[in-house]
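In: Any chance you can model this:
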Amino acid sequence: ALSSVIGPAYTSATFLSTFSRKVSGGWALQLATVGFIAVSLAVYLVIGTAPAALLVFVGGFNGLILPVGLTVFMYIGWFRPDLLGVDRYPRWLLIPGTLVTALTWYMGSVSVGPIFDFLSTSG
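Out: Residues are numbered from 1 along each chain as shown. I've put the predicted structure just below:
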């Protein structure tokens, strides 16, 4: 159970180094890791749901982030390829990419209800 908490907290804390070089290592990184664990504990105590159920919920909720990310990339591909230093992208890549993006939005919309239902029934 400890590795399931410390590992993701450390990984999340290392992502902070992209926003601030002060958190790139040493005590700052350790404090950020402890901070993530403290926030996770607070959320657990407020929600009062079993940790395994929270992990399943977060995993399902994480799947909802994919459509958002793909939409951003498809927008760039269709309308702003200059942002990535390209004049334009081939349509044979943009069309299937758009279809896959629409599919992920559909799958995400279908899974939203069960994800939140699972969290409320497993407490």
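In: can you pull out the helices in the protein?
Out: For the chain, helices defined by DSSP state H occupy the ranges 2-15, 26-47, 51-62, 65-79, 91-121.
In: comparing the ones you listed, which gets the lowest mean pLDDT score?
Out: Sorting the helices of the chain by mean pLDDT places helix 51-62 lowest, at a mean of 72.
In: Outline the domain layout of the protein.
Out: When the chain is parsed with the TED database, its domains come out as 1-48, 49-122.
In: re earlier: want to throw the helices of the chain into TSV with mean neighbour count?
Out: For the C-beta atoms, the positions are set from N, CA and C on the backbone; glycine is no exception. Shown next, in TSV, are these (neighbours: other Cβ atoms under 10 Å):
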stretch	mean neighbour count
helix 2-15	13
helix 26-47	13
helix 51-62	14
helix 65-79	14
helix 91-121	13
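In: Can you say which of these is nearest to Gly85?
Out: In terms of Cβ to Cβ, the element of the helices of the chain nearest to Gly85 is helix 65-79, at 11.2 Å.
In: Tell me which other helices or strands that closest one touches.
Out: In terms of contacts (3 or more Cβ pairs under 8 Å, 6 or more residues apart in numbering; DSSP states H and E), helix 65-79 is packed against helix 91-121.
In: The helix it packs on vs helix 51-62, what angle?
Out: Relative orientation of helix 91-121 and helix 51-62, computed by axes from the mean of the first three to the mean of the last three Cα atoms, to 10 degrees: 150 degrees.
In: Quick one: distance of helix 91-121 to the chain centre.
Out: Its chain's C-alpha centre and that of helix 91-121 lie 14 Å apart, by Cα atoms, centre = their mean, to the nearest Å.
In: Does anything pack onto it? Which helices or strands?
Out: Helices and strands touching helix 91-121, by 3+ Cβ pairs under 8 Å, 6+ apart, are helix 51-62, helix 65-79.
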